[in-house]
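Novice: Sequence below, structure please.
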Amino acid sequence: MARFLQGSRLYLAVTVLMCVFVSIYGVGLNDLLERASQLSDKLHSLSTSLTNDLDSHFPPTGRMMMPRPSMCHTSSLKIPNDKDQALKVPEDELLALTRSLLMAWSDPLALLSSEASSLAHPERNTINTKTRELQDNINSLGAGLERLVHKMGSSSENLSDLPFYISSLGQDKTSRLVNFHFLLSCFRRDSHKIDSFLKVLRCRAAKKRPEMC
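Specialist: The predicted structure follows:
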């Protein structure tokens, strides 16, 4: 009986390892990049839709209070300015930049998700739903990028640490709405970069000519 149990446990362990191996290595690089690109495209579309929802009832004074884009916590990361520059960056570095940007939004999106339901905005229920969807999608994309790391043989050495120290969006209704909008606009900008970098990686993996990307 003991030998049977040991054999069953060994079989189960091997089966689990095989499932992990297949899930990581059984999908081709092009397919993984295609799936990641689809997720990143959805993230950017969702952040754009959320911005439009906020803009539908945003106080004029709020726009005057909005911080400059250079105040985004990811602004210190040195990244390609356009597609031509991105095409010159090695694949592992471009993937590391993409992962750094995505990881930098883990805490900010958690804050937005926790604050969305109590915003002083008539569309807060819709905003709350979309913000949670945004958080779910970024988690899915993060898992996808980890699979890409295994597939491409990249490391974590080139990842940049972009800490986020804000724990509250403010005390009054206007400040909270403005800071929510500002963080979302920063994410919208970064989600476009993530989407662009992944599409460049997908294009290069398919060995297309630069002018075709």
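Novice: which intervals of the chain have sub-threshold pLDDT?
Specialist: 1-27, 154-157 (pLDDT under 70).
Novice: Quick check: nearest residue in space to the residue nearest in space to the middle of it, chain neighbours excluded?
Specialist: Centroid check for the chain by CA atoms, centre = their mean gives Leu102 as the closest residue, at 3.8 Å. Of all residues not flanking Leu102 in the chain, Gly142 sits nearest, at 5.7 Å (CB to CB, 6 or more residues apart in numbering). Using the backbone N, CA and C atoms, a C-beta is placed for each residue, glycine as well.
Novice: what packs against the helix or strand harbouring the one you found?
Specialist: For Gly142, the host element (DSSP states H and E) is helix 124-152. Helices and strands touching helix 124-152, by 3 or more CB pairs under 8 Å, 6 or more residues apart in numbering; DSSP states H and E, are helix 2-25, helix 29-55, helix 91-104, helix 106-115.
Novice: just to revisit the earlier point, looks like the residue nearest to Leu102 contacts Ser100 (just checking).
Specialist: No: with contact defined as CB atoms under 8 Å, Gly142 does not count as touching Ser100 (11.6 Å).
Novice: roughly how far apart are His121 and Glu133?
Specialist: Counting by CB to CB, to the nearest Å, the gap from His121 to Glu133 is 17 Å.
Novice: rewinding a little: which one's more surrounded, Gly142 and Ser100?
Specialist: The residue with more neighbours, out of Gly142 and Ser100, is Ser100; 19 against 15, by other CB atoms under 10 Å.
Novice: The lengthiest helix in the chain to helix 91-104, inter-axis angle?
Specialist: Identified as the longest helix of the chain according to DSSP state H is helix 173-205. Here the directions of helix 173-205 and helix 91-104 differ by 160 degrees (axes from the mean of the first three to the mean of the last three CA atoms, to 10 degrees).
Novice: Which residues belonging to helix 173-205 are considered buried?
Specialist: Buried residues in helix 173-205, defined by neighbour count with 16 or more other CB atoms under 10 Å: 176-188, 190-205.
Novice: where's that helix relative to the chain centroid, distance-wise?
Specialist: 8 Å (CA atoms, centre = their mean, to the nearest Å).
Novice: Hey, what's the angle from that helix to helix 106-115? Just curious.
Specialist: 140 degrees.
Novice: helices or strands up against helix 173-205?
Specialist: helix 29-55, helix 60-65, helix 83-86, helix 91-104, helix 106-115.
Novice: now the angle from that helix to helix 29-55?
Specialist: 160 degrees.
Novice: What's the local residue count around Lys208?
Specialist: Neighbours of Lys208 (other CB under 10 Å): 11.
Novice: Helix, strand, or coil at it?
Specialist: With DSSP: H, G, I helix; E, B strand; the rest coil as the basis, Lys208 sits in coil.
Novice: Quick check: it vs Asn30, distance?
Specialist: Separation of Lys208 from Asn30 (CB to CB): 11 Å.
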